[in-house]
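mind looking at a prediction? Sequence and model below.
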Amino acid sequence: MKILILTGKFGMGHYSASQSLRLQLLGAFPGSQVEVVDLPAYAIPDASEAIYKAFSLLVTRGSGLYNIYYKATENATLKARPLLSDLFQDKLGELLWEERPDAVIATHPFCARLVADYKEEVASDLPLVTCITDLSSHSEWLNDATDCYLVGSRDIRDRLVAKGVEPERILVTGIPVKPEFKRPAQRGHRGLGERHLLIMGGGLGLLPKKDKFYEELNAMPGVRTTIITGGNQKLYDRLHGRYEHIEVVGFTDRVYDYMAQADLMLSKPGGITLFETIFSELPILAWEPFLQQERENARFLIRHQIGRIAPKEPEACLEAITRLLTDDIALARMGQNMRRLKGQLEAQSLERLMAALTVGAGKEAL
């Protein structure tokens, strides 16, 4: 069986989820073919990087306007055609003709919408699975031509059902993460009373800029800190080797190793990051979010008591770190709640997904 996963690098979460889902499918079904395609890069290779940079500027510098639009369209029913729709539809048709997939999985709403429109225009029964990569029920993800939704939690399943999606079309799988995040943690192999803190700023390494934050972090008694700066080379050069109790790591594809050794993580609450911590059973202290999707993720972690929100101000953030790192009962309870959430993810979900993909539109198998 050949499966095509369509995505876009509007932030790295969608692409990361695609790669993780590919690994899960190949591991569960070794005989299958699974390919990930960055659809904007395929359709307009000379302009895709500029589009991604423009989007990054929008969500970082124009987050207020972005949030207004996102909230206003959360329950929208009118579907305007996406920008450059005709161009993308032509390229999508070429791609599907070249690849001849047995099924398509979309990990970005733009890709899901394009495939749904294609199916309706050519009366295709090509199975379409939409993998929602945030804890979101936003209407941008919903299409009548989607045969199966993969969602992160029971909460999202219930919200989709309230919007009219048939329950049998929804699988609660969690947001896809690499298999390595599901390995047993390695905590406890350290000095008596020592705590390990992991700080991540996302792919762009968006971290506090003032030296005082790192100086006070370095001075915390019994705390060893690892900071992953991601693609922020300037911050890496500034911090690396400067503090005795702080290890600084640049871009790495082995985040799971650092999570397995940490007692607490400080990070922005992206959907992928949140489920990496859940599967790693690593309590999270999330920076106060500014994007609407991340606000939804933050509400989820508070509601299920798997973490807390850290203030933006450095001094208050440091206080929140100290308070939680020294609260053994709270950390243990958060770990237990993460194990409970993992247990709620549907057993045999990949098998049910594959069964759905092998029978046309797949609704009978679900």
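Ah, there it is.

the residue nearest the centre of the chain: which element?
Nearest to the geometric centre of the chain sits residue 272, at 2.2 Å (C-alpha atoms, centre = their mean). Secondary structure from DSSP states H and E places residue 272 in helix 271-280.

what segments of the chain are strands?
2-7, 33-38, 103-106, 128-131, 148-151, 170-172, 195-200, 223-228, 246-249, 264-267, 284-287, 307-310 (DSSP state E).

deepest of these, which one?
Ranked by mean neighbour count, those are led by strand 103-106 with a mean of 28 (mean count of other C-beta atoms under 10 Å). The C-beta positions use only the backbone N, C-alpha and C, and glycine is treated the same way.

tell me which other helices or strands that strand touches.
Judged by 3 or more C-beta pairs under 8 Å, 6 or more residues apart in numbering; DSSP states H and E, strand 103-106 is in contact with strand 2-7, helix 109-122, strand 128-131.

each with direction, which strands does it pair with?
Strand 103-106 has its sheet partners listed here by DSSP bridges as strand 2-7 (parallel), strand 128-131 (parallel).

and residue 311, what is it in contact with?
With contact set as C-beta atoms under 8 Å, 6 or more residues apart in numbering, residue 311 has these partners: 288, 317, 320.

number of residues surrounding the first one?
Applying other C-beta atoms under 10 Å, we find 16 other residues in the vicinity of residue 288.

now it. Nearest residue, chain neighbours left out?
In this structure, residue 288 finds its nearest non-sequential neighbour in residue 312, 5.1 Å apart by C-beta to C-beta, 6 or more residues apart in numbering.

count the neighbours of that neighbour for me.
12.

quick one on the thing from earlier: turn the strands of the chain into CSV, including mean pLDDT.
Below are those laid out as CSV (pLDDT from 0 to 100):
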stretch, mean pLDDT
strand 2-7, 95
strand 33-38, 95
strand 103-106, 94
strand 128-131, 94
strand 148-151, 93
strand 170-172, 91
strand 195-200, 94
strand 223-228, 95
strand 246-249, 94
strand 264-267, 95
strand 284-287, 93
strand 307-310, 95
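
okay, now the unreliable bits of the protein?
58-60, 62, 77-84, 186-192, 202-206, 346-348, 351, 355-366 (pLDDT under 70).

swap in 80 and give it another go.
The chain contains residues with pLDDT under 80 at 11-12, 48, 52, 54-73, 75-86, 184-193, 201-208, 231, 290, 346-366.

dump the residue contacts of residue 175.
17, 131, 132, 133, 134, 135, 152, 271, 272, 274, 275.

residues contacting the last one?
For residue 275, the contacting residues are 152, 174, 175, 176, 177, taking C-beta under 8 Å, 6+ apart as the criterion.

of those, which count as buried by neighbour count?
Buried members of the contacts of residue 275, counted by 16 or more other C-beta atoms under 10 Å: 152, 174, 175, 176, 177.

neighbours of residue 67, how many?
By the criterion of other C-beta under 10 Å, residue 67 has 16 neighbours.

mind checking how far the residue nearest to it when sequence neighbours are not counted is from residue 331?
Computed as C-beta to C-beta, 6+ apart, the closest residue to residue 67 that is not its neighbour in sequence is residue 292, at 4.6 Å. Plainly put, residue 292 is 29 Å away from residue 331 if you go by C-beta to C-beta, to the nearest Å.
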